[in-house]
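> from the sequence below, what's the structure:
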Amino acid sequence: VVNMVFFPCTHKCVCTPCIDKNNIGKPNVPSSWNFCAICCEEIKIALPYTEDVVDKYWAWVREVKPFIPPNFIRAFHKRS
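Numbering: from 1, shown residues only. Presented below is the predicted three-dimensional model:
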């Protein structure tokens, strides 16, 4: 049963056993597949489909604090 949604593209095209068997959407696992099979967009997170899956994705986005290199911050301040 196809039950996993890729974000940010929101394609629902794979089941949980296939994700586990093929290491789909697991960026920290060597030899993992991190791109949607439909649109080739990078998978940031794969979540089980529920009625509130989009809300769960945005909650995850707000939690993530990406690393920003110091040189980027200095260059941004210079140009702004």
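
> for the most centrally placed residue in the chain, which non-adjacent residue is spatially closest?
Note on the chain: the residue nearest the mean C-alpha position is residue 44, at 1.2 Å, using CA atoms, centre = their mean. Excluding its sequence neighbours, the residue lying closest to residue 44 (CB to CB, 6 or more residues apart in numbering) is residue 7, at 5.5 Å. From N, CA and C alone the C-beta is placed, and that goes for glycine too.

> any idea what the one you found is bridged to?
residue 45 (DSSP bridges).

> how much space is there between the nearest residue to residue 57 once chain neighbours are set aside and residue 73?
Using CB to CB, 6+ apart and skipping residues adjacent in sequence, the residue nearest residue 57 is residue 7, 4.6 Å away. Per CB to CB, to the nearest Å, residue 7 is found 27 Å from residue 73.

> with neighbour numbers in mind, choose between those two.
Ranked by neighbour count (other CB atoms under 10 Å), residue 7 and residue 73 place residue 7 first, with 21 against 10.

> test my guess that that one contacts residue 42.
No. Assessed by CB atoms under 8 Å, residue 7 is found out of contact with residue 42, at 10.0 Å.

> okay, strands next: where are they in this structure?
Ranges of strands in the chain, per DSSP state E, are 4-7, 12-14, 45-48.

> can you tell me which of these is most buried?
strand 4-7 (a mean of 22; mean count of other CB atoms under 10 Å).

> which secondary structure elements does that strand contact?
strand 12-14, strand 45-48, helix 53-63 (3 or more CB pairs under 8 Å, 6 or more residues apart in numbering; DSSP states H and E).
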